[in-house]
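In: sequence plus the predicted model coming up.
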Amino acid sequence: MSVGIESIGIKLPSFAIESRKIAKLRGIPEEKATIGLGCHMVGLCMNQETVVDLAVNAAKRAIEQWDGCLNDIGMIVVGTESSLDEARPLSAWVAERLQLNGAVRSYEVKHACYAGTLALRQAVEWKVATQSPKCALVIAVDVCLYEPGHPAEITQGAGAVAMIVGQDKICSIDLRSYPYSEPCFDFWRPTGHAFPIVDSSKSLNAYLKATENCFNALFLDQTDLSFESFKSICFHAPFPKMVFKAFKHLATVFNFSECEHQKFLCDKILPFLTWNKEVGNAYSASLWLSVAQALDQANTGEKIACFSYGSGFGSELFVIERTNGSGFWAEDVKTDLAKRKEISIEEYDNWHKLVNHPPSRQ
Ligand code: HMG
């Protein structure tokens, strides 16, 4: 049985501001945001828009474009670090709004930005283990906010990617995958804290170590594969420069020439980061936005490497392959970008000052 993705839905937040404007507000050179970190826009949930709205709307879009119905869903799993409650899973808020109930497994997965990937892998493993004719609704969703004045404030963002896991209608997902984890405090958010605590250099180094170990494991196991084999190489993108740093690290580990390095970067990485650059760090949705963009541009039979990283830290790499169908989910991105409102720096500053408590419970 070939397991894969049958439908994809994306929801971007309704408000945004340019990263460089946040940098200017905080007295940071604008070029640090645009060149130093490679950031462009920060997507923001304002005016009562919540993580639940993002998740529900992404899910609705995935379901609308799908040839199945709610009765065909046997599992809903939400990967997030923007949870609303210590006990009630975010999936319950989403399932309630979708009116999805009955013989449905419903839960939330947490592991920083790695949560969406874990949710997807669990859905794949559930499908294989149970041979269920039903599908799983997987949603990777997050709202990323840092304390006002924190250097990472310019990397903030938000977004949701919903995927219906069943047959390989859009892509197949390789059952083999290559995880690497190492417990550490590189980025964490203690219970009740609105903002994360970050050990910046530890997080950068952990990310590099994770890439090296995961790609080594993939190429040791699948000797028929090389970087050439992929149409695109997608990474978790906390900010675009992190992805370039990770790929530069891989170039050293795998001995690329400078020419090869630049060619891979231009052909296989840069074109699939433009949606990320429109929303900033969407935490667990970040990798899946890049993968969704890569799938939209891939032809039948082309392979995509998916590298997931979540602080704490856990990481995983695996390969998916485009099967067929159209990239209808690109319309979601187009629609949301056309409709979203760009706010002024004054509006941003006033609003961010009020975000000093956990999100309100419904
Ligand atoms: P920082 O210390 O503010 O920045 O950290 P910096 O001084 O290292 O500068 C960054 C880059 O900007 C440097 O370039 C500078 O030279 C350049 P590089 O050396 O890297 O090539 N720069 C300039 N360039 C042009 N003109 C200028 C200028 N000034 C400086 N005037 C950082 C920045 C975002 C890393 C930090 O704020 C941070 O800690 N961020 C949060 C953690 C993070 O994003 N870590 C990444 C890996 S961990 C991860 O991805 C997980 C995460 O998504 C969470 C989760 O899993 O849930 C974060």
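Out: Received the coordinates, thanks.
In: now do the contacts for the nearest residue to Arg105 once chain neighbours are set aside.
Out: Once flanking residues are discounted, Arg105 sits nearest to Met75: 4.4 Å by Cβ to Cβ, 6 or more residues apart in numbering. Backbone N, C-alpha and C define where each C-beta goes, glycine included. Counting by Cβ atoms under 8 Å, 6 or more residues apart in numbering, Met75 makes contact with Val104, Arg105, Ser106, Ala123, Trp126, Lys134, Cys135, Ala136, Leu137.
In: just Leu175 next, same as before
Out: Counting by Cβ under 8 Å, 6+ apart, Leu175 has contacts Val3, Val124, Val128.
In: separation between it and the ligand?
Out: 25 Å (Cβ to the nearest ligand atom, to the nearest Å).
In: state the distance from that residue to Val124.
Out: 7 Å (Cβ to Cβ, to the nearest Å).
In: which residues are common contacts for those two?
Out: Common neighbours of Leu175 and Val124 (Cβ under 8 Å, 6+ apart) are Val3.
In: hmm, back to that, and which of the contacts of Leu175 is nearest the ligand?
Out: The ligand has its nearest neighbour among the contacts of Leu175 in Val124, at 21.3 Å by Cβ to the nearest ligand atom.
In: who are the packing partners of the helix or strand the closest one falls within?
Out: Assessed by DSSP states H and E, Val124 sits inside helix 115-130. Packing contacts for helix 115-130, counted by 3 or more Cβ pairs under 8 Å, 6 or more residues apart in numbering; DSSP states H and E, involve strand 3-11, strand 73-79, strand 105-109, strand 135-144, strand 157-167, helix 286-297, strand 303-310, strand 314-322.
In: which one of the residues in this structure is closest to the ligand?
Out: Proximity of the chain to the ligand (Cβ to the nearest ligand atom) peaks at Gly36, 2.2 Å away.
In: once you drop chain neighbours, what's closest to that residue?
Out: Residue nearest to Gly36 in three dimensions, not counting chain neighbours: Lys241, with 6.7 Å by Cβ to Cβ, 6+ apart.
In: residues in contact with Cys306?
Out: Cys306 neighbours (Cβ under 8 Å, 6+ apart): Thr117, Cys234, Leu287, Val291, Leu317, Phe318, Val319, Ile320.
In: surely Gly312 is in a strand?
Out: No. Counting by DSSP: H, G, I helix; E, B strand; the rest coil, Gly312 is located in no strand; its state is coil.
In: and for the closest residue to it other than its chain neighbours, the neighbour number?
Out: Excluding its sequence neighbours, the residue lying closest to Gly312 (Cβ to Cβ, 6+ apart) is Ala112, at 5.3 Å. By other Cβ atoms under 10 Å, 24 other residues sit near Ala112.
In: contact partners for Ala112?
Out: Shown in contact with Ala112 (Cβ under 8 Å, 6+ apart): Glu81, Phe187, Tyr283, Ser284, Gly310, Ser311, Gly312, Phe313, Gly314.
In: which ones are touching the first one?
Out: I take that to be Glu81. By Cβ under 8 Å, 6+ apart, the residues touching Glu81 are Lys110, His111, Ala112, Cys113, Ala115, Asp142, Arg189, Tyr283, Ser284.
In: re the thing from before, contacts with the ligand among the contacts of Ala112, please.
Out: Taking Cβ under 6 Å from any ligand atom, the overlap between those and the neighbourhood of the ligand is Glu81, Phe187, Tyr283, Gly310, Ser311.
In: could the residues you listed be laid out in a markdown table, adding pLDDT?
Out: Listed next are those as a markdown table, based on pLDDT from 0 to 100:
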| residue | pLDDT |
| --- | --- |
| Glu81 | 98 |
| Phe187 | 98 |
| Tyr283 | 98 |
| Gly310 | 98 |
| Ser311 | 98 |
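In: who wins for most neighbours among those?
Out: Result: Tyr283 is most packed of the ones next to the ligand among the contacts of Ala112 (other Cβ under 10 Å), 29 neighbours.
In: leaving out chain neighbours, which residue sits closest to that one?
Out: Nearest residue to Tyr283, sequence neighbours excluded (Cβ to Cβ, 6+ apart): Asp142, at 3.4 Å.
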